[in-house]
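In: Everything below, folded, please.
(2 chains)
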Amino acid sequence: MNSYQRRGGSIIILSFIIAFMLLMIPLPNWAQLLRPEWVAMVVIYWSMALPNRVGIGASWFAGLIVDVIRDSLLGQHALALAIVSFLTIRLHQRIRVYPPGQQAITIFLVMIINFLIILWIRGIMGQAPDVWQVLLPALTTAILWPGVFMVMRFLRRQFHVT
Amino acid sequence: MYGNFDYLGSKAIKLTFQQSSLGLRLFFLVALSITLMTLDHRFHHVDQLRASLSIIIYPIRYIVNMPADMGDWASQAFMSRKSLQAENIDLKTKNRLLKAELQKFNYVKTENLHLRALLKSSKKFDSRVLIAELLSVDLDPYKRQVVINKGSNNDVYPGQPIVDAQGVMGLVTHVSLFTSSALLITDPNHSLPIQLLRNGMRAIASGTGAANRIELENIPNNSDIKVGDKFVSSGLGCVFPTGYPAGHIIEINTDPSLPFAHVIAEPAAALDRSREVLLVWPSDERQTNTSNPCQQIKEVKP
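Out: Numbering: from 1, shown residues only, chains lettered A, B, ... in the order given. Coordinates of the predicted model:
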């Protein structure tokens, strides 16, 4: 572990900041329901590429920021993103070698788990939205994943983030 | 040689330790999340934490809001002289009309104060207002919420009513130093005590989750209510000040098989078009001998 040189921390932080910005950029009403989970994609990428760097703790904190940005119950996105990160770290050696299409399917399943957790928490709170509406962002996230993956991999290689 | 094996062994131990501790860490974080959610939902203990985290994200919000701000600035900067003149004339006319109405209003207000003094009932002073601007950032897509650019450094407090030029918009839910978020009256979790202007009937208007639709709850089928009736906030519930326009009825479905009529109304405020809102500080100074129920509620609240 000590032989690792930790580099490019600023790139990781920057990627999260951009994800937060994309999360709050104003969209028309119909597109809001389709907004992909940018923060979850960034969490998944870094948990997969550098599991010893961005772990479940960092993902949990990113989720806490999402809760503040969305003004939702403090801890619900944190919980969901910690579990997403946990699943990705457990599967990272397999997901890394999948072709992009298969990766996207895996991401879709992980995102469904993410949204079911959020739906479950909302249900307990008594504000459960329509299930199919909630699962739409999982679909857009999976569709956009290959592109995001390419950009993130380019950034990681360009700036030698280890 | 041995050193090398040693190194590999220690690495293997480290890896297994990490594998097992991952589950442990997840368990810890899940427990922490559940504790946080419970504290947030039940006791509002973590508002301070939310407010501090809000300060971290303020620069991000500011940057996201910048294009909208610049658009406003550009549309003002590149306005033609002709349209400015037209707007100026229009505003002057409106101002004159409003001033004429204000003369009457001042007279009616003094008369009202005299009558209230005769009745020895509570006397209300004018409430304080402050103009705030909406930030163009998106929040939870399943809630009707907005972010405004005034926070605790402007004395904004949770539960404070916000209105626009046309009527009641909603109330402030969370406050941080520079920004605060507010729930609109169309959110399903929002209810507003109202009173019909025509006959003084009281009701509760709840949000439906749809834009520009609220519904009046528990209205009996035979009650005196008509399409087009206007209603104002009644001031019961001690959150909203009395008498701000809230909306008008657009649809009444009376189904005899159901216990209550289904009454749909449209909010008076331009919820999806307003860029500027007014924060209202209801007046607390009242001349009264009897105890004020609103004051008691405020004291109980944390």
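In: only C-alpha atoms for contact and neighbour calcs from this point on.
Out: Fine.
In: Can you tell me the centre-most residue of the chain?
Out: As the question left the chain open, I've gone with chain A. In chain A, the C-alpha nearest the mean C-alpha coordinate belongs to residue A:40, at 1.0 Å (C-alpha atoms, centre = their mean).
In: not what I meant, chain B
Out: The residue lying closest to the centre of chain B (C-alpha atoms, centre = their mean) is residue B:171, at 2.7 Å.
In: what about the strands in chain B?
Out: Secondary structure of chain B (DSSP state E): strands at B:128-135, B:145-148, B:161-163, B:168-175, B:180-184, B:191-196, B:202-207, B:214-220, B:230-233, B:245-253, B:260-267, B:276-281.
In: wait, what's in contact with residue B:165?
Out: Residues counted as contacts of residue B:165 (C-alpha atoms under 8 Å, 6 or more residues apart in numbering or on different chains) are B:269, B:277, B:278.
In: what's around residue 29, how many residues?
Out: No chain in the question, so chain A it is. Residue A:29 has 11 neighbours, counted by other C-alpha atoms under 10 Å in any protein chain shown.
In: That was the other one, I meant chain B.
Out: If you count neighbours by other C-alpha under 10 Å, residue B:29 ends up with 21.
In: so where's the chain shaky on pLDDT?
Out: Let's take chain A. Along chain A, segments meeting pLDDT under 70 span A:1-5, A:128.
In: Wait, chain B was what I had in mind.
Out: Scanning chain B for pLDDT under 70 picks out B:1-20, B:120-126, B:283-302.
In: ok, 50 please
Out: For chain B, the stretches flagged by pLDDT under 50 are B:1-5, B:285-290, B:300-302.
In: for chain A, what are the nearby residues on it?
Out: B:22-23, B:25-26, B:29-30, B:33-34, B:36-37, B:40-41, B:50, B:53-54, B:57, B:60-61, B:64, B:136-142, B:174, B:181 (C-alpha under 8 Å from any C-alpha of the partner chain).
In: I'd say residue B:148 and residue B:179 touch.
Out: Yes - counting by C-alpha atoms under 8 Å, residue B:148 does reach residue B:179; the two are 5.7 Å apart.
In: So which elements touch whichever strand or helix holds residue A:142?
Out: Here residue A:142 sits within helix A:131-158, counting by DSSP states H and E. For helix A:131-158, the elements it packs on are helix A:38-49, helix A:100-125, judged by 3 or more C-alpha pairs under 8 Å, 6 or more residues apart in numbering or on different chains; DSSP states H and E.
In: got the angle for it vs helix A:38-49?
Out: Counting by axes from the mean of the first three to the mean of the last three C-alpha atoms, to 10 degrees, helix A:131-158 lies at 50 degrees to helix A:38-49.
In: buried residues in helix A:131-158?
Out: Under the neighbour-count criterion of 16 or more other C-alpha atoms under 10 Å in any protein chain shown, helix A:131-158 has A:134-139, A:141-143, A:145-146, A:148-149, A:152-153, A:155-156 buried.
In: Check stretch B:224-232 too.
Out: Going by neighbour count (16+ other C-alpha under 10 Å), the buried part of stretch B:224-232 is B:225, B:230, B:231, B:232.
In: Find the nearest non-adjacent residue to the second one, please.
Out: Okay, so that is residue B:230. residue B:248 (4.2 Å; C-alpha to C-alpha, 6 or more residues apart in numbering or on different chains).
In: and that neighbour, bridged to which residues?
Out: Note on residue B:248: beta-bridge partners residue B:230, residue B:266, judged by DSSP bridges.
In: thinking again about what came up before, put together a markdown table for the strands of chain B, with distance to residue A:79 on each row.
Out: Output for the strands of chain B, formatted as a markdown table (distance: least, C-alpha to C-alpha, whole Å):
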| stretch | distance to residue A:79 |
| --- | --- |
| strand B:128-135 | 28 |
| strand B:145-148 | 23 |
| strand B:161-163 | 32 |
| strand B:168-175 | 21 |
| strand B:180-184 | 23 |
| strand B:191-196 | 30 |
| strand B:202-207 | 29 |
| strand B:214-220 | 33 |
| strand B:230-233 | 39 |
| strand B:245-253 | 38 |
| strand B:260-267 | 36 |
| strand B:276-281 | 34 |
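In: And for stretch A:81-94, what's in contact with it?
Out: Identification of contacts with stretch A:81-94 by C-alpha under 8 Å, 6+ apart yields A:40, A:43-44, A:47-49, A:51, A:55-57, A:59-60, A:62-63, A:110-111, A:113-114, B:22-23, B:26, B:29-30.
In: Alright, that wraps it up for me.
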